[in-house]
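Visitor: coords below, sequence missing:
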């Protein structure tokens, strides 16, 4: 609810309007994949062909098909100065199922011999989430070191060779089409605070310090644990929701989803929706967090997401690497979002690591998802919130509801104090 001043006017000074998809500049299209003759195929068997059915730009994309269990590549000569490119983005249409793929790589080389350059594994599940159909993959030059710097590769030098590789899983044929390679995309940075499972410390510890800085959080409770020991009560969650927090879907009892049938997975989400409604929390129950993360999802999980009508889902994996994202996160329909674990029992980041991630998000224009189950160090958490608030002119805090609505148009969010 917007605060009303005397006289009945909305106090717009307390809000900032964010552009759709947080987009400041779409970047420059550097490869449209319209001319197959520009590309040289590589790898035994398989094929390189035009894809006139699934494309993003012009009239076609470039389709690579592997042999069974094989690898298919394609490279071309370029002459690109990418020393200040910001995000590099490419759209990939993945045929079949994710199980058909081992991975997909993109390489940039400073030399024709292809000794010096950079390689990025686009489809490992910590780098981005990939599903059948269109996926957009986004990377910054600073983050290529996560995979491989080849030889003396440097972004300060001209890039003269571009290569894509498609690796099939054992016994499978992998097919992928590539289109709309851009660089220079610029986005506004943002932070989301997630409090997994609905633990009590979200209300008793996190809420007061966050409220003091006009910062909202996201709380996906395990609905069977509502009103149980060490978990939030109904009244506490309603207080959070009334304060602008998003109380959403954390499943009924936190199962490992890929051990369930598709119908059982649907029931986890629909039972949680019913429980939230019964507790007077019906506004945001189609936003969700996966119980154990992307590694425990399967094809039935995505079918269940769609059948239940979930709008946006957080990948609830606890990981020690930083996986940045910009909007819309792939897959566009479901928006499964990666996160980093803040102070959880599995993955742990120090205060210094978290502030470094915030600074990096500001520089790169990414969204940083900070997730915790409980507040393990109140002093560190307070310092983290105060650090984010100190950057109020450089970064905004959003919620999963803001994120979803930003895919549809501009969104107004509270300014931090």
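Guide: Sure thing, it's come through. Everything numeric in this text was worked out from a predicted model, so none of it was measured.

Visitor: quick one, domains of this protein?
Guide: In terms of domains, the chain is parsed into 25-186, 190-414 (source: automatic domain parsing).

Visitor: Make TSV out of those domains and add mean pLDDT and mean neighbour count.
Guide: In short, each C-beta sits where N, CA and C put it, glycine included. Putting these into TSV (pLDDT from 0 to 100; neighbours: other CB atoms under 10 Å) gives the following:
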stretch	mean pLDDT	mean neighbour count
domain 25-186	87	18
domain 190-414	85	19
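
Visitor: Including distance to residue 14, could those go into JSON lines?
Guide: Output for those, formatted as JSON lines (distance: least, CB to CB, whole Å):
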{"stretch": "domain 25-186", "distance to residue 14": "26"}
{"stretch": "domain 190-414", "distance to residue 14": "6"}
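
Visitor: where do the strands sit along the stretch 101-250 of the chain?
Guide: Under the criterion DSSP state E, counting those that start in this stretch, strands of the stretch 101-250 of the chain are mapped to 101-109, 117-121, 133-139, 148-150, 159-168, 175-187, 190-195, 218-219, 246-247.

Visitor: partners of the longest one in the sheet?
Guide: Read it as strand 175-187. Applying DSSP bridges, strand 175-187 is found paired with strand 23-25 (antiparallel), strand 28-31 (antiparallel), strand 61-65 (antiparallel), strand 87-94 (antiparallel).

Visitor: Of those strands, give the one that comes closest to residue 255.
Guide: Closest to residue 255 of the strands paired with strand 175-187, according to CB to CB: strand 87-94, at 27.1 Å.

Visitor: got the angle between the closest one and strand 101-109?
Guide: 140 degrees (axes from the mean of the first three to the mean of the last three CA atoms, to 10 degrees).

Visitor: In contact with residue 203, which residues?
Guide: 232, 236-237, 239-240 (CB atoms under 8 Å, 6 or more residues apart in numbering).

Visitor: Let's have the strands paired with strand 175-187 in JSON lines, adding distance to residue 168.
Guide: Output for the strands paired with strand 175-187, formatted as JSON lines (distance: least, CB to CB, whole Å):
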{"stretch": "strand 23-25", "distance to residue 168": "34"}
{"stretch": "strand 28-31", "distance to residue 168": "24"}
{"stretch": "strand 61-65", "distance to residue 168": "9"}
{"stretch": "strand 87-94", "distance to residue 168": "12"}
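
Visitor: if we compare those, which one ends up closest to residue 207?
Guide: Taking these one by one with CB to CB, strand 23-25 is closest: 31.4 Å.

Visitor: mind checking how far that closest one is from the chain centre?
Guide: 17 Å (CA atoms, centre = their mean, to the nearest Å).

Visitor: Same check on stretch 38-46?
Guide: Using CA atoms, centre = their mean, the offset of stretch 38-46 from its chain centre is 31 Å.

Visitor: Numbering from 283 from now on, please.
Guide: New numbering, starting at 283: the last item is stretch 320-328.

Visitor: For that stretch, measure first residue to last.
Guide: 18 Å (CA to CA, to the nearest Å).

Visitor: How about stretch 467-474?
Guide: 21 Å.

Visitor: got the contact list for that stretch?
Guide: So stretch 467-474 is contacted by 300-301, 303-309, 368-369, 371, 420, 500, 608-609, 640, 643-644, 646-652, 670, 676-682, 685 (CB under 8 Å, 6+ apart).

Visitor: let's see it at 6 Å
Guide: Residues outside stretch 467-474 that contact it (CB atoms under 6 Å, 6 or more residues apart in numbering) are 304-307, 309, 368-369, 371, 608, 643-644, 647, 649-651, 670, 677-680.

Visitor: same check, this time on stretch 380-389
Guide: With CB under 6 Å, 6+ apart, stretch 380-389 has contacts from 399, 401-406, 412, 445-449, 451, 454, 456.

Visitor: biggest separation within the residues you listed, which pair?
Guide: With CB to CB as the measure, no two of the contacts of stretch 380-389 lie farther apart than 399 and 454, at 28.0 Å.

Visitor: Isn't residue 417 up against residue 372?
Guide: No: with contact taken as CB atoms under 6 Å, residue 417 and residue 372 are classed as non-touching, separated by 9.4 Å.

Visitor: wait, what's in contact with residue 650?
Guide: Counted by CB under 6 Å, 6+ apart, residue 650 has contacts 473, 639, 643.

Visitor: ok, and the closest non-adjacent residue to it?
Guide: residue 643 (4.4 Å; CB to CB, 6 or more residues apart in numbering).

Visitor: Doesn't that neighbour belong to a strand?
Guide: No: assigned with DSSP: H, G, I helix; E, B strand; the rest coil, residue 643 falls outside any strand and is helix.

Visitor: Setting the sequence-adjacent residues aside, check what's closest to residue 453.
Guide: Nearest residue to residue 453, sequence neighbours excluded (CB to CB, 6+ apart): residue 351, at 5.7 Å.

Visitor: what about the one you found, which SS state?
Guide: Here residue 351 is coil, with the state taken from three-state DSSP.

Visitor: swap in the one 3 residues further on?
Guide: When states are read from three-state DSSP, the local structure at residue 354 comes out as strand.

Visitor: same check, this time on residue 582
Guide: Following three-state DSSP, we place residue 582 in the helix state.

Visitor: would you turn the strands of the stretch 383-532 of the chain into TSV with distance to residue 550?
Guide: Formatted as TSV, the strands of the stretch 383-532 of the chain follow (distance: least, CB to CB, whole Å):
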stretch	distance to residue 550
strand 383-391	27
strand 399-403	31
strand 415-421	24
strand 430-432	38
strand 441-450	32
strand 457-469	32
strand 472-477	19
strand 500-501	18
strand 528-529	17
